[in-house]
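>>> Just need the structure, nothing else, for what follows:
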Amino acid sequence: MAETTATVKAVKPPKRPGKPLMSLERKKSLFGYVFVAPILIGLLFIYIPVLVQSAQYSFSSNAGQYGKELEYIGWQNYHDALFVEKDFLKTVYSSTVALLPQIFIILIFAFFMANILNQNFHGRSVARVIFFIPVVMSTGIVTYFDNLSSMTDMYEQGEKLNVGTETSAFDFVEIEQMLLSALGSSGLSEIIAGAIGSLYTVITSSGVQMLIFLSGLQSISINMYEAAKVEGATGWEVFWKISFPMISPLILVNLLYTVIDLFTSIDNATISYISRYYTNVATYSLASAFSWMYTLLLLLFVGLVFILVKKLIVYQD
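Numbering: from 1, shown residues only. A predicted model of the protein is given here:
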């Protein structure tokens, strides 16, 4: 009897597995935080302190002058930026007006090329790489050396051919006149002529948007296209009823990305204007005020674009 009791005590029921310390979804979220950790570290220890220092400079004088303490002068630099340095607002206005047509041209070009690269044809992978090369070539260091090179001088010299007469090889005035006579609208002809003149910028600035549109098109289920084909839908109907609505959330993403990318590009006239003031020690504080004013204007513009375009986006449940 004692042996039986000991045997019963020795045999214990197996323990049920306890609840895992971390769910699979929580683990995936943790991997996301690990992925963005370098950006967060740089934001906390590098970018935010620089922003705080720049804000201090914008409300002070003697910024950038070594050996002198900052002297708080309140809103004087912002007052000078608005009412003394009148070229600043003119430059912001002119550069903004010049960039607005480019934003829509870049989006249309990127969406058009994404639809083409999404088709099945021989050499599709090579074509995708070719269209993404301008994105690599337009990175900061390449753009910097490109601006230092003589490509601009070569372009200016190429406009005039030295063949005994001062004939223009690329006369945009004549192009505008041809477009004006063909279209009958001066505003539309100026937009098209500006698109021709900014063709290099359009190509180098549309690579990321192209990839985003392409990934969105590839995420659409092929069953939807097959069902539309069975119902007898044309390619035009498939585009407007399936492709465009399904990819419309990415239009907002690409629009915001394009606005920020163009408005903060080194080729932007306003950025170049502010950079000239940063190179001068005496105007360092004023340049900081320029930067903050331009940043606030950009944020307001981005917010306005987000509010206006969000109503046109179709979200699929």
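
>>> contacts, neighbours, all on C-alpha from now
Will do.

>>> Helix, strand or coil: sort out residue 37 for me.
State at residue 37, reduced to three classes by DSSP: H, G, I helix; E, B strand; the rest coil: helix.

>>> For it, grab the count of nearby residues.
Look at residue 37: counted by other C-alpha atoms under 10 Å, it has 12 neighbours.

>>> For the remainder of this discussion, apply numbering that starts at 753.
Okay, using 753 as the starting number, the last item reads as residue 789.

>>> where along the stretch 853-1002 of the chain do the strands fall?
Secondary structure of the stretch 853-1002 of the chain by DSSP state E, counting those that start in this stretch: the strands cover 912-914, 918-920.

>>> Contacts only, for residue 869.
By C-alpha atoms under 8 Å, 6 or more residues apart in numbering, the contact set of residue 869 is 876, 879, 880, 966.

>>> Is the last one in contact with residue 867, as I believe?
Yes. Distance between residue 966 and residue 867: 7.1 Å, which falls inside the contact criterion (C-alpha atoms under 8 Å).

>>> The most centrally placed residue in the chain: helix or strand, and which one exactly?
Closest residue to the average C-alpha location of the chain: residue 1009 at 3.0 Å, with C-alpha atoms, centre = their mean. Residue 1009 belongs to helix 996-1015 when assigned by DSSP states H and E.

>>> So for that helix, mean pLDDT?
Mean pLDDT, computed over helix 996-1015, is 89.

>>> got the CA coordinates for it in PDB?
Extracted in PDB, the C-alpha atoms of helix 996-1015 (Å, rounded to 0.1, in the frame of the first residue of the first chain):
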ATOM      1  CA  PHE A 996      -6.200  54.100 -59.800                       C
ATOM      2  CA  PRO A 997      -8.500  53.600 -56.800                       C
ATOM      3  CA  MET A 998      -6.300  50.900 -55.300                       C
ATOM      4  CA  ILE A 999      -3.100  53.000 -55.600                       C
ATOM      5  CA  SER A1000      -4.700  56.300 -54.600                       C
ATOM      6  CA  PRO A1001      -3.300  56.200 -51.000                       C
ATOM      7  CA  LEU A1002       0.200  56.100 -52.400                       C
ATOM      8  CA  ILE A1003      -0.500  59.200 -54.500                       C
ATOM      9  CA  LEU A1004      -0.800  61.200 -51.200                       C
ATOM     10  CA  VAL A1005       2.400  59.600 -49.900                       C
ATOM     11  CA  ASN A1006       4.300  60.400 -53.100                       C
ATOM     12  CA  LEU A1007       2.800  63.900 -53.200                       C
ATOM     13  CA  LEU A1008       4.000  64.800 -49.800                       C
ATOM     14  CA  TYR A1009       7.400  63.200 -50.500                       C
ATOM     15  CA  THR A1010       7.800  65.200 -53.700                       C
ATOM     16  CA  VAL A1011       6.900  68.500 -52.100                       C
ATOM     17  CA  ILE A1012       9.400  68.000 -49.300                       C
ATOM     18  CA  ASP A1013      12.100  66.700 -51.600                       C
ATOM     19  CA  LEU A1014      11.800  69.600 -54.100                       C
ATOM     20  CA  PHE A1015      11.400  72.300 -51.500                       C
END
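
>>> Can you list the buried residues in it?
Buried residues in helix 996-1015, counting neighbours by 16 or more other C-alpha atoms under 10 Å, are found at 996-1004, 1006-1008, 1010-1011, 1014-1015.

>>> can you check stretch 873-882 too?
Buried residues in stretch 873-882, defined by neighbour count with 16+ other C-alpha under 10 Å: residue 880.

>>> residues contacting residue 1005?
Counting by C-alpha under 8 Å, 6+ apart, residue 1005 makes contact with nothing.

>>> Distance check, it against residue 776.
29 Å (C-alpha to C-alpha, to the nearest Å).

>>> Also residue 845?
From residue 845 to residue 776 the distance is 51 Å (C-alpha to C-alpha).

>>> now do residue 851
Using C-alpha to C-alpha, we find residue 851 at a distance of 45 Å from residue 776.

>>> How about residue 971?
Per C-alpha to C-alpha, residue 971 is found 24 Å from residue 776.

>>> cool, and residue 1067?
From residue 1067 to residue 776 the distance is 27 Å (C-alpha to C-alpha).

>>> Now do the same contact list for the residue lying closest to residue 962 once chain neighbours are set aside.
With sequence-adjacent residues excluded and distances taken as C-alpha to C-alpha, 6 or more residues apart in numbering, residue 962 is closest to residue 862, at 4.5 Å. Contact partners of residue 862, counting by C-alpha under 8 Å, 6+ apart, are 958, 959, 961, 962, 965.
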